[in-house]
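[1] heads up, no residue letters with this:
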C-alpha cells in the first residue's frame with residue numbers, strides 16, 4: 001500500500017500563507033517606521049544646522065563688535081537683548097560665543113561668561129573652516145555644559161564666525177533634542193499610514209489567490225496519491241497475473257510433458273508411440289514458447305522506436321489469436337506517430353487486449369490504430385460477453401483496475417479513454433491522444 005500521509009487542508013495552507021504575510025507585513029512596518037523616524041530625525045537636525053548658520057551670519061556677526069569681544073557690560077547687555085529677542089525661542093534654549101583660545105565671550109547663561117574651557121577637535125575644525133556647521137548630541141558631562149544638565153538631552157550645533165578684526169570665533173546653539181525626536185515621530189506618522197495601508201491591501205488582495213492556489217495544490221496532491229495508488233495496485237495485479245499464467249500455463253504444460261517423456265523412457269513404446277509422443281511434445285513446446293513470448297511482450301514491450309507501433313500491435317494480435325480469437329488488425333497511419341504517443345497507445349492496447357483475452361471470451365476482435373487531425377486513435381472492439389460499465393468505478397474490481405490506471409495515465413497526457421460495454425453485447429474501448 002502507498003504511504004498516504006494526511007494532506008494539508010486548504011484552510012491550513014491559507015493560514016500558513018496569511019501568517020507568513022503578516023510576519024512580512026510587521027517586518028516591513030518596523031522597517032518603514034525606523035526609516036521614517038531616521039529620515040525625520042535627520043531632517044530636523046539639518047533644519048537645526050540651517051537655523052544656526054542663518055542666525056550666526058544674520059544676527060550674531062553683524063552685532064559682534066570689539067566691545068562685545070572685550071566683555072564690556074553695556075555691549076554684552078545689548079548683545080544679550082538681541083539674542084533673547086531674535087534667537088532664543090522655540091526649541092533653541094542656549095547659545096555660546098567662543099574665542100579661539102576657548103574662552104566663552106558670551107552666553108545667555110551669564111555664569112559662563114569669561115570662563116575658559118578646552119575646545120574639542122570638532123570645535124577646533126569649525127573654527128578653522130569658516131562657514132561650516134556641525135551638529136552632535138551634547139556631552140552634558142563636560143564642565144562647560146554643567147548648566148544644561150536640567151535639559152537632559154540637547155542637540156548642539158556650532159558654526160565658525162568672524163570677530164570684528166577678522167579673528168575666528170565659534171558660535172554654538174543648543175536645541176531641545178525632544179523637538180528632533182518629535183520631528184522623526186511626525187514623519188513616521190505622516191508616511192506610515194499610507195505605506196502600511198498599501199501593504200495591508202496587498203495582503204488582502206492576495207488571500208483569494210492564495211485560497212485558490214491552496215485548493216489547486218491540495219487537489220494535485222490528491223491526484224498524485226490516487227495515481228500512485230493505482231500504479232501500485234496495477235503493479236500488484238500484474239505480478240499476480242504473470243505468476244498465475246506461468247503456474248497455470250507454461251509450468252503445467254511443461255510438467256505434463258515431463259511426465260509423458262518419463263513414462264515413455266521407463267516403458268517399452270513402439271516406434272509409432274514414440275513418433276506420436278515426439279510430435280505431441282513438439283506441438284506442446286511450440287505452445288509453451290508462444291505463451292512465453294506473450295509474457296515477454298507483456299514484461300518487456302518491443303522497441304517502438306525501431307519496430308514501430310504496427311509491429312508491436314501485431315505481436316499483441318498474435319498472442320490474442322493463440323487464445324482462439326479471430327483478430328482483424330488495421331494500422332494505417334500508425335507508423336508516423338511520435339514515439340511518446342506510440343508508447344502510450346501501445347500501453348493502452350496491451351492492457352485492453354489483456355482484458356479481452358482474460359475476461360471477454362470473444363471470438364472476433366478488431367484492433368484499429370491510426371491518426372486523424374490533431375490526434376492519434378486506438379480502437380479495440382470485441383464480440384465477447386461484455387460487462388456492466390459501472391464496474392469500472394468499483395475499486396475492488398481487479399479485472400478493470402488496469403483500465404482505470406490507463407484512463408488516469410491518458411488524462412495526465414491530455415488524452416481520453418472511452419468504454420462502451422453491456423452484458424452479452426461485447427465491449428468497445430476507444431483511446432484518443434493529442435498529437436502536437
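    Great, that's in hand. All values reported here derive from a predicted model rather than from experimental measurement.
[2] Please enumerate the helices of the stretch 251-400 of the chain.
    For the stretch 251-400 of the chain, the helices defined by DSSP state H, counting those that start in this stretch cover 252-266, 271-299, 304-321, 339-355.
[3] Figure out which of the ones you listed is closest to residue 97.
    With CB to CB, the closest approach to residue 97 among the helices of the stretch 251-400 of the chain belongs to helix 339-355: 90.8 Å. Every residue, glycine included, has its C-beta placed from N, CA and C.
[4] just checking, what packs against the closest one?
    Counting contacts by 3 or more CB pairs under 8 Å, 6 or more residues apart in numbering; DSSP states H and E, helix 339-355 packs against helix 271-299, helix 304-321, strand 364-372, strand 375-382, helix 401-412, strand 427-434.
[5] okay, these, which one's buried deepest?
    For the helices and strands packed on helix 339-355, the largest average neighbour count (mean count of other CB atoms under 10 Å) is found in strand 375-382, namely a mean of 22.
[6] what pairs with that one, and is each one parallel or antiparallel?
    Sheet pairing of strand 375-382 (DSSP bridges) gives strand 364-372 (antiparallel), strand 427-434 (antiparallel).
[7] So for it, mean pLDDT?
    Throughout strand 375-382, pLDDT has a mean value of 92.
[8] Next, the angle from that strand to helix 339-355.
    Counting by axes from the mean of the first three to the mean of the last three CA atoms, to 10 degrees, strand 375-382 lies at 10 degrees to helix 339-355.
[9] Specify the angle between strand 375-382 and helix 304-321 in degrees.
    Interaxial angle of strand 375-382 relative to helix 304-321 (the same axes, to 10 degrees): 10 degrees.
[10] got a list of contacts for strand 375-382?
    Identification of contacts with strand 375-382 by CB atoms under 8 Å, 6 or more residues apart in numbering yields 325, 334, 337, 341-342, 345, 348-349, 352-353, 356, 360, 362, 364-371, 426-435.
[11] State the helix or strand in which the residue lying closest to residue 430 once chain neighbours are set aside lies.
    Excluding the flanking residues, the one nearest residue 430 by CB to CB, 6 or more residues apart in numbering is residue 418, at 4.5 Å. Here residue 418 sits within strand 416-421, counting by DSSP states H and E.
[12] So which bits of that strand are buried?
    Across strand 416-421, burial judged by 16 or more other CB atoms under 10 Å covers 417, 421.
[13] And the contacts of it?
    Strand 416-421 has contacts (CB under 8 Å, 6+ apart) with 348, 386-389, 392, 403, 406-407, 410-411, 427-432.
[14] Apply 10 Å and report the result again.
    By CB atoms under 10 Å, 6 or more residues apart in numbering, the surrounding residues in contact with strand 416-421 are 348, 351-352, 360, 375, 378-379, 381-382, 384-389, 391-392, 400, 403-404, 406-411, 426-434.
[15] again, but for stretch 56-63
    Residues from elsewhere that reach stretch 56-63 (CB under 10 Å, 6+ apart): 52, 55, 64, 68, 75, 78-79, 81-83, 85-87, 95, 97, 106, 131, 133, 157-164, 169-173.
[16] Now intersect those residues with the helices, please.
    Judged by DSSP state H, these include 52, 55, 68, 75, 78-79, 81-83, 85-86 as members of helices.
[17] who wins for neighbours among those residues?
    residue 52 (27 neighbours; other CB atoms under 10 Å).
[18] Please tell me how far the closest residue to residue 433 other than its chain neighbours sits from residue 427.
    Leaving aside its chain neighbours, residue 433 sits nearest to residue 415 (4.0 Å; criterion: CB to CB, 6+ apart). Residue 415 sits 19 Å away from residue 427, going by CB to CB, to the nearest Å.
[19] Leaving out chain neighbours, which residue sits closest to residue 109?
    Distances taken as CB to CB, 6+ apart put residue 147 closest to residue 109, at 4.8 Å, once the chain neighbours are dropped.
[20] re earlier: nearest to residue 261 among the ones in helices among the contacts of stretch 56-63?
    Using CB to CB, the ones in helices among the contacts of stretch 56-63 come closest to residue 261 at residue 52, 120.2 Å.
[21] Just to check, residue 364 is in contact with residue 426?
    Yes - with contact defined as CB atoms under 10 Å, residue 364 reaches residue 426; the gap is 8.9 Å.
[22] Overlap of the contact sets of those two?
    Joint contacts of residue 364 and residue 426 (CB under 10 Å, 6+ apart) are 381-384.
[23] Taking the residues you listed together, which two end up most distant?
    With CB to CB as the measure, no two of those lie farther apart than 381 and 384, at 10.1 Å.
[24] hey, what's in contact with both of the two?
    356, 362, 364-365, 426-427.
[25] Now pLDDT and distance to residue 141 too, for these, in a markdown table please.
    What follows is these, written out as a markdown table (pLDDT from 0 to 100; distance: CB to CB, whole Å):
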| residue | pLDDT | distance to residue 141 |
| --- | --- | --- |
| 356 | 88 | 101 |
| 362 | 89 | 106 |
| 364 | 92 | 110 |
| 365 | 92 | 104 |
| 426 | 89 | 105 |
| 427 | 91 | 100 |
